[in-house]
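Undergrad: fold the following and give me the result.
(one chain, ligands or ions: 1)
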Amino acid sequence: MSQSNLGYISKIEPFGTFDGPGIRSIIFLSGCPLRCVYCHNPETWQAHIGNRYTAAELTEMALKNKPYYGSNGGVTFSGGEPLNQPEFLLECLKSLKAVGIHTALDTSGYSLSPLLPEILEYTDLIIYDLKAADGALYEKITSRKMDVTERFLDLAQKQGTPLWIRQVLVPHLNDNQVNLLVTAQRIAKLKNVEKIEILPYHTLGKSKYETLEYDYPLGNTPAMSMSEGQKWQDQLIDLISRIKSSE
Ligand code: SF4
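TA: Prediction:
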């Protein structure tokens, strides 16, 4: 068995209801090339930690859980960044599709892997974490340049993969009218968008930074309320539809 047949998994949530449609098993792959200032899972950043699984073992687990998935559930790969282990991810996706299980990828799209087109062939849904639609803000949030994820998004558009778009909204960082407009303009250009979700910033990951002895980039930035996030989401969706109808 080659090394690529084993993946590093930081966590498995057998029955999740948040990351994709229906009831799903969420598989958190280790490793992430980004360092988002609001990341609440810093324990997933390192690539070679966690338990090791084969695609066959994960497929077997998914088959056991399949009766609970119902008509629209399935398996979501999250992280970290699931594209950080492209060979293993592709093998898992192929194996799951071979037994008729719906697959979703919860990703920032930050990958240059030549396997991306094939990975998307076996992906039923992308939950795309839109860090920012403006290059400078993207860099401020992730410490990386935006061109890599833009290329991923272009590829997803060419392949016609359905998208759920998510954005984390942080007080004093991106909760301003400029970001609202730029984000709406970017999303308005995308095809196959099935859902748009604003995730209000929370501070639940803060203690993990202390445990790992990392500096917490957002200091004492307050959490955002669910109602504020909902208001922003409604405004964003409304603005996108106004942009589209004016075109
Ligand atoms: S992409 Fe996700 S896991 Fe990676 S740093 Fe950003 S929030 Fe954390």
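Undergrad: which residues touch Phe77?
TA: With contact set as CB atoms under 8 Å, 6 or more residues apart in numbering, Phe77 has these partners: Ile27, Leu29, Leu89, Cys92, Leu93, Thr103, Ala104, Leu105, Asp106. All C-beta atoms are positioned from the backbone trio N, CA, C, and that covers glycine.
Undergrad: for it, phi and psi?
TA: Dihedral angles phi and psi of Phe77 (degrees, to the nearest 10) take the values phi -100, psi 120.
Undergrad: if we can go back for a sec, return the subset of the contacts of Phe77 lying in helices.
TA: Leu89, Cys92, Leu93 (DSSP state H).
Undergrad: got JSON lines for the residues you listed, with neighbour count, pLDDT and distance to Cys39 too?
TA: Formatted as JSON lines, those follow (neighbours: other CB atoms under 10 Å; pLDDT from 0 to 100; distance: CB to CB, whole Å):
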{"residue": "Leu89", "neighbour count": "28", "pLDDT": "98", "distance to Cys39": "20"}
{"residue": "Cys92", "neighbour count": "28", "pLDDT": "98", "distance to Cys39": "23"}
{"residue": "Leu93", "neighbour count": "25", "pLDDT": "98", "distance to Cys39": "25"}
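Undergrad: turn the residues you listed into TSV, including distance to Ala56.
TA: Output for those, formatted as TSV (distance: CB to CB, whole Å):
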residue	distance to Ala56
Leu89	14
Cys92	9
Leu93	13
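Undergrad: out of these, which touch the ligand?
TA: Among the ones in helices among the contacts of Phe77, none lies close to the ligand by the criterion of CB under 6 Å from any ligand atom.
Undergrad: next one: the lengthiest strand in the chain, is it in contact with the ligand?
TA: Ordering each strand of the chain by length in residues (DSSP state E) puts strand 6-16 first. No. Judged by CB under 6 Å from any ligand atom, strand 6-16 and the ligand are separated, with a smallest distance of 9.9 Å.
Undergrad: centre of the chain to that strand, how far?
TA: Relative to its parent chain, strand 6-16 has a centroid offset of 15 Å by CA atoms, centre = their mean, to the nearest Å.
Undergrad: what strands flank it, and is each parallel or antiparallel?
TA: Counting by DSSP bridges, the strands paired with strand 6-16 are strand 24-29 (antiparallel), strand 51-54 (antiparallel).
Undergrad: got the contact list for the spatially closest residue to Phe88 that is not a sequence neighbour?
TA: Nearest residue to Phe88 in three dimensions, chain neighbours excluded: Gly7, at 3.7 Å (CB to CB, 6 or more residues apart in numbering). The contact partners of Gly7, taken as CB under 8 Å, 6+ apart, are Leu29, Arg52, Tyr53, Thr54, Ala55, Leu58, Gln85, Phe88, Leu89, Cys92.
Undergrad: quick one: contacts of the top helix by length along the chain?
TA: For the chain, the helix with the greatest residue count under DSSP H is helix 226-246. The contact list for helix 226-246 (CB under 8 Å, 6+ apart) reads 169, 175, 180-181, 183-185, 187-188, 196-200.
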